[in-house]
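1. Sharing a model that was predicted from the sequence below.
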Amino acid sequence: MTKDVATRDLWPALPLEEWRDTYATLHMWTQMVGKTCLALAPRQNHWWQVTLHVTARGLATGPLPFGPRTLDAEFDFVEHELVLRTDEGAVLEIPLRPRSVAEFYRLYLKALETLAIRVKLWPMPVEVEHPIRFTDDDVHASYDPEYANRCWRILVRVDDVLRRFRAPFLGKCSPVHFFWGSFDLAVTRFSGRRAPERPGVDAVTREGYSHEVISAGFWPGSGAVQEAAFYAYAAPEPAGLRDAGIRPSAAYFQPQMSVFILPYDAVRTAGSPDETVLAFLQSTYDAAADLANWDRDALERPARLPGSPEERSIGYGR
């Protein structure tokens, strides 16, 4: 296998038109599990308790308390099943295959009932156009295992790059986590300052943007961007950000969504995909942080040279 082929395998093609129906169905399935997090997980700032996280096999909730017991759920995109586990050793699997959202919802509730996990879920999806209640959704019923697996493999790569980008930031920063409402993997940095109040917004938005942020991530595309892409934005948006010079040359500002966009295809076909993404993340952060007058000396760790005493001490080397 050539180096070029190996790189392409790490960043597989994900054309939206080829898996749009699977994407829409899987989006609804992840919302069911995400709403379980919302019902059971202890409240955290900015709703961080409701997110899913990338694993070696898919996307998972992490431990969810239910009285003295613990539940977790994982979408396994290797074996293609949703796995529910409890700390008592019980395991239930729901196969991921073409089936309607309504049928999947019935199976999911039945599995929770079998595990004696009693939770009330609001069966209305969020952050989508023309939402259909889970109980009534016979429209979305597709599942292509190849594209579900490709999407997860990309998320594994993105998770790694976002963690590397997150590492030198000393200020308040989110985990790298997956938002099932918008179906994106994201990381968010905070300046430490409160943001201006947003009159008329819902409680989720008010809490999510209570403080100044610069956020970045990846999603398969939706709305004004009909392709898989990386994105970056600042909230509130500082004056002049839209005209800032960013890297690489394939990146651009999308005015309808008020975000910088780097098409995924520009990344997967680049000579060094990881470095291409990091250039996008760093250049958009640099522009936003400078224009918003963030205290970067206090918020960022100075760069360490490879082999420096500080670098060696991390591994307790001598």
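-> Looks like it arrived, so ask away.
2. Can you show me the helices along this protein?
-> Using DSSP state H, the helices of the chain run over 3-10, 16-40, 101-114, 145-166, 203-208, 264-268, 273-291, 296-299, 309-314.
3. Just list the residues touching the nearest residue to residue 149 once chain neighbours are set aside, thanks.
-> Nearest residue to residue 149 in three dimensions, chain neighbours excluded: residue 77, at 5.0 Å (CB to CB, 6 or more residues apart in numbering). In this view, the C-beta of every residue, glycine as well, is placed from N, C-alpha and C. By CB atoms under 8 Å, 6 or more residues apart in numbering, residue 77 lies in contact with 57, 58, 59, 96, 145, 148, 149, 151, 152.
4. The first one: neighbour count?
-> By the other CB atoms under 10 Å criterion, the neighbourhood of residue 57 contains 16 residues.
5. Same check on the fifth one?
-> Applying other CB under 10 Å, we find 15 other residues in the vicinity of residue 145.
6. wait, doesn't it sit right on residue 78?
-> No. The pair residue 145 and residue 78 fails to qualify as a contact (CB atoms under 8 Å) at a distance of 9.6 Å.
7. how near is the residue lying closest to residue 217 once chain neighbours are set aside to residue 267?
-> Distances taken as CB to CB, 6+ apart place residue 186 nearest to residue 217, at 3.2 Å, with adjacent residues excluded. Look at residue 186 and residue 267: by CB to CB, to the nearest Å, they are 16 Å apart.
8. Excluding chain neighbours, what is closest to residue 226?
-> Nearest one to residue 226, counting by CB to CB, 6+ apart, is residue 16 at 5.8 Å.
9. same deal with residue 48?
-> residue 174 (6.3 Å).
10. thinking again about what came up before, among the contacts of residue 77, list the two that are farthest apart in space.
-> 59 and 145 (14.8 Å; CB to CB).
11. distance of the residue nearest in space to the middle of the chain from residue 199?
-> Nearest to the geometric centre of the chain sits residue 185, at 1.5 Å (CA atoms, centre = their mean). According to CB to CB, residue 185 stands 30 Å off from residue 199.
12. Residue 297 too?
-> Residue 297 is 34 Å from residue 199, by CB to CB.
13. now swap in residue 302 and tell me
-> Taken as CB to CB, the span from residue 302 to residue 199 is 40 Å.
14. Ok, residue 193 next?
-> From residue 193 to residue 199 the distance is 19 Å (CB to CB).
15. the more surrounded of the two?
-> Legend: neighbour count by other CB under 10 Å for residue 193 and residue 199, higher for residue 193 (11 against 6).
16. ok, back up a step: looking at it, the residue nearest to the centre of the chain is touching residue 219, isn't it?
-> Yes. Counting by CB under 8 Å, residue 185 does reach residue 219; the two are 7.4 Å apart.
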